[in-house]
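> quick check, what structure comes out for this input:
(2 chains)
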Amino acid sequence: MNYPGAPLILGSIEAARPAFLIVMGISLMMIAWRFAKKTSGWSPRLMMAGAILLGFGYSVLLPLHEIGKTGRYPSLPHPHGGEELVLAFFVLKIFTMNVGWFLLGLGLAIHTKILTAPPLKHSLPPLSHESAT
Amino acid sequence: MNLLLEVFIKNGLLMDALGILGLGLLGLAAIQLAKHYQGRGGHVMAIGTVFLLMGRLYVILAPHLMTNDVLYAIGPVGISLTIGLPPLLLTFGLIGIVWGLWGHERQVAVKAR
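Model (predicted):
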């Protein structure tokens, strides 16, 4: 059984999920980069910020959390001691994952224009300046 | 304790709400992509987002919902499901989002060529 701090054999069942998370995080970052290269404005910036946060979270923080190197905040102490370290990992993890998903979702939502109202057709003449988004 | 840390730890609602909000926006955007481009990427991404949203909501709500009465009411099969389903939902949600984004990116690249 996998107790916290145990060494992992790469390719074993216990190592499959961290390896999967690493692969998914890196590919999410790369795909978002390729996607963002083709667009301009604020949506690729938000998307890339979110994707970098998520890539860091999924490929560094969550595997460490899965194999028990970071402790779990209320219950499990850190294997090398240090209450503050567990707390710092917890705060970093929830900040990275949640803000990452928020920024990625916001970027994609701005990209697909679901947040902007449809233009008024009859009452106003079309705006002359370029829209910022 | 530091006030900012207390906001993060005691009232985790702010961060959880940001994450859920972002996933919701991602789902809406995926549905819009699926409608607009008629490709498989948007659909896969929408399904993945729904899976990830369900898993995340369960993870957030479980400490409040899963009291002993509820666990007794749903029985052993239900308890097994609560243990087994959320990791599956999170895993397949992540696969769906990454795969859908990749498919959409490929579709846009092919169309632009």
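> ok now the longest helix along chain B, how far from the chain's centre?
Secondary structure of chain B per DSSP state H: the longest helix is helix B:68-112. Taking C-alpha atoms, centre = their mean, to the nearest Å, one finds the center of helix B:68-112 at 7 Å from the center of the full chain.
> just list what it packs against, helices and strands only.
helix A:13-37, helix B:13-37, helix B:40-65 (3 or more C-beta pairs under 8 Å, 6 or more residues apart in numbering or on different chains; DSSP states H and E). Yep, even glycine has a C-beta here, placed from its N, CA and C like the rest.
> ok, now how distant is the residue nearest to B:G39 when sequence neighbours are not counted from B:L33?
Leaving out its chain neighbours, the residue that sits closest to B:G39 by C-beta to C-beta, 6 or more residues apart in numbering or on different chains is B:Q107, at 4.5 Å. B:Q107 sits 9 Å away from B:L33, going by C-beta to C-beta, to the nearest Å.
> the more surrounded of those two?
Set side by side, B:Q107 and B:L33 show more neighbours around B:L33, with 26 against 17, by other C-beta atoms under 10 Å in any protein chain shown.
> re earlier: B:A112: which of the helices and strands packed on helix B:68-112 is closest?
Among those, the nearest to B:A112 by C-beta to C-beta is helix A:13-37 (11.3 Å).
> can you list the buried residues in that closest one?
A:15, A:18, A:20-22, A:24-25, A:27-29, A:31-33, A:35-36 (16 or more other C-beta atoms under 10 Å in any protein chain shown).
> could you list which of the residues you listed also contact chain B?
Taking C-beta under 8 Å from any C-beta of the partner chain as the test, chain B is in contact with A:F20, A:L21, A:M24, A:S27, A:L28, A:I31, A:A32, A:F35 out of these.
> nearest to A:G82 among these?
A:L21 (24.0 Å).
> tell me if I'm right that that closest one and A:L62 touch.
Yes - if you go by C-beta atoms under 8 Å, A:L21 and A:L62 touch, sitting 5.0 Å apart.
> quick one: the residue nearest to B:G39 from chain A, how far?
According to C-beta to the nearest C-beta, to the nearest Å, B:Q107 and chain A sit 11 Å apart.
> wait, what's in contact with that residue?
By C-beta atoms under 8 Å, 6 or more residues apart in numbering or on different chains, the contact set of B:Q107 is B:Y37, B:G39, B:G41.
> so what's the second one up against?
Going back to what we said before, that points to B:G39. B:L33, B:G103, B:H104, B:Q107 are the contacts of B:G39 under C-beta under 8 Å, 6+ apart.
> repeat for the first one
By C-beta under 8 Å, 6+ apart, the residues touching B:Y37 are B:H104, B:Q107, B:V108.
> thinking again about what came up before, of all pairs in the buried residues of helix A:13-37, which one is the farthest apart?
Pairwise distances across the buried residues of helix A:13-37 peak at 31.3 Å for A:A15 and A:A36 (criterion: C-beta to C-beta).
> and the residue lying closest to B:L94 once chain neighbours are set aside, what pLDDT?
Using C-beta to C-beta, 6+ apart and skipping residues adjacent in sequence, the residue nearest B:L94 is A:M24, 5.2 Å away. Per-residue pLDDT puts A:M24 at 93.
> again, but for A:H129
63.
> do you know how far the most centrally placed residue in chain A is from A:T96?
With distances taken as C-alpha atoms, centre = their mean, A:L54 lies nearest the centre of chain A, 1.7 Å away. Distance check for A:L54 against A:T96: by C-beta to C-beta, it reads 8 Å.
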